[in-house]
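[1] here is the input, now give the coordinates:
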Amino acid sequence: QVQLVESGGGLVQAGGSLRLSCAASGRTFSGYAMGWFRQAPGKEREFVACISVRGGSTYYAESVKGRFTISRDNAKKTVSLQMNTLKPEDTAVYYCAAGNYGTDRSAYHFWGQGTQVTVSS
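    Got it, this is the predicted structure:
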């Protein structure tokens, strides 16, 4: 069992940066791939980025590639999402998830409560 708590969301102007963090509790964190998803109002929850169990592999949605960077620290049981050059279309609730490496929501078994990111134009 893994419990996830996101932090770091907020309001930022277009072109700015934010760093999201996800703190995990539970002894099996290092056994899971981690992902970030987001959900904008009226839209489906969509994949943003994922990172493998040991951090050796990462994958990004095309819409964030080159702007966002996912990383993890298994000793600290944290996963982060550095978001640069933010755009208004990045506005969403961002969720951290733990499970199997991949882009599909069904691959992830545990989810955080989400953190709001708002990018103003």
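
[2] which ones are touching the residue nearest the centre of the chain?
    With distances taken as C-alpha atoms, centre = their mean, W36 lies nearest the centre of the chain, 2.5 Å away. By C-beta atoms under 8 Å, 6 or more residues apart in numbering, the contact list for W36 reads L20, C22, V48, A49, C50, I70, V79, L81, Y94, Y95, C96, A97. Placement of C-beta: from N, CA and C, glycine included.

[3] in this structure the second one contacts K76, no?
    Put plainly, it is C22. No. Checked against C-beta atoms under 8 Å, the pair C22 and K76 is beyond contact range at 11.0 Å.

[4] which one's more surrounded, the two?
    The residue with more neighbours, out of C22 and K76, is C22; 25 against 11, by other C-beta atoms under 10 Å.

[5] select from the contacts of W36 the one having the most neighbours.
    Of those, with other C-beta under 10 Å as the count, V79 tops at 31 neighbours.

[6] before we move on, the earlier item: how close does the residue nearest to the centre of the chain sit to S71?
    For W36, the distance to S71 (C-beta to C-beta, to the nearest Å) stands at 11 Å.

[7] what's the neighbour count on T115?
    22.

[8] before we move on, the earlier item: kindly state the beta-bridge partners for the residue nearest to the centre of the chain.
    A49, C96 (DSSP bridges).

[9] what distance do you get for it to S121?
    In terms of C-beta to C-beta, W36 sits 23 Å off from S121.

[10] next: E89.
    Applying C-beta to C-beta to E89 and S121 gives a distance of 10 Å.

[11] and if you look at R45?
    Between R45 and S121 the distance is 23 Å, computed by C-beta to C-beta.

[12] and if you look at K77?
    Separation of K77 from S121 (C-beta to C-beta): 36 Å.
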